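> here is a sequence with its predicted model. Questions after.
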Amino acid sequence: MTVPFSLLLDLIAVEQIKNEGAEQKPSAQDEEAEFFRLLSYQ
């Protein structure tokens with residue numbers, strides 16, 4: 001049985017996400033709020 005390399009990489013990525021977890025990317029609103037929070041920091 002041969003498995004295409006790209007499929008193998010996909011399966012490895014899925015397994016890593018399941019085992020290590022994944023964080024959701026911050027939304028544009030979250031990034032903007034963080035930017036202004038840091039901007040007002042003194």
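Done, it's in.

> how about the CA coordinates for stretch 11-18, as PDB?
C-alpha atoms of stretch 11-18 as PDB (Å, rounded to 0.1, in the frame of the first residue of the first chain):
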ATOM      1  CA  LEU A  11      -2.700  13.000   8.800                       C
ATOM      2  CA  ILE A  12       0.400  14.000  10.900                       C
ATOM      3  CA  ALA A  13      -1.000  17.500  11.200                       C
ATOM      4  CA  VAL A  14      -4.400  16.200  12.300                       C
ATOM      5  CA  GLU A  15      -2.800  14.000  14.900                       C
ATOM      6  CA  GLN A  16      -0.700  16.900  16.200                       C
ATOM      7  CA  ILE A  17      -3.700  19.100  16.600                       C
ATOM      8  CA  LYS A  18      -5.600  16.400  18.400                       C
END
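
> where's residue 21 relative to residue 15, distance?
With distances taken as Cβ to Cβ, to the nearest Å, residue 21 is found 12 Å from residue 15. All C-beta spots, glycine's among them, are computed from the backbone N, C-alpha and C.

> who has more neighbours out of these two?
More crowded of residue 21 and residue 15, by other Cβ atoms under 10 Å: residue 15, with 10 against 7.

> measure the more buried one to residue 8 for me?
Relative to residue 8, residue 15 is positioned 11 Å away (Cβ to Cβ).

> could you do residue 34 as well?
37 Å.

> mind checking how far the longest helix belonging to the chain is from the chain centre?
Across the chain, the longest stretch assigned as helix under DSSP state H is helix 5-20. Relative to the mean C-alpha coordinate of its chain, helix 5-20 is positioned 14 Å out (Cα atoms, centre = their mean, to the nearest Å).

> show the subsequent helix or strand relative to that helix.
helix 28-39 (DSSP states H and E).

> could you export that next one as CSV, CA atoms only?
Output of helix 28-39 as CSV, limited to C-alpha atoms (Å, rounded to 0.1, in the frame of the first residue of the first chain):
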residue,chain,number,x,y,z
ALA,A,28,-9.4,41.5,14.1
GLN,A,29,-11.4,43.1,16.8
ASP,A,30,-9.4,41.3,19.5
GLU,A,31,-6.2,42.4,17.9
GLU,A,32,-7.4,45.9,17.7
ALA,A,33,-8.5,46.0,21.3
GLU,A,34,-5.1,44.5,22.4
PHE,A,35,-3.3,47.2,20.3
PHE,A,36,-5.2,50.0,21.9
ARG,A,37,-4.7,48.5,25.3
LEU,A,38,-1.0,48.3,24.8
LEU,A,39,-1.0,51.8,23.3
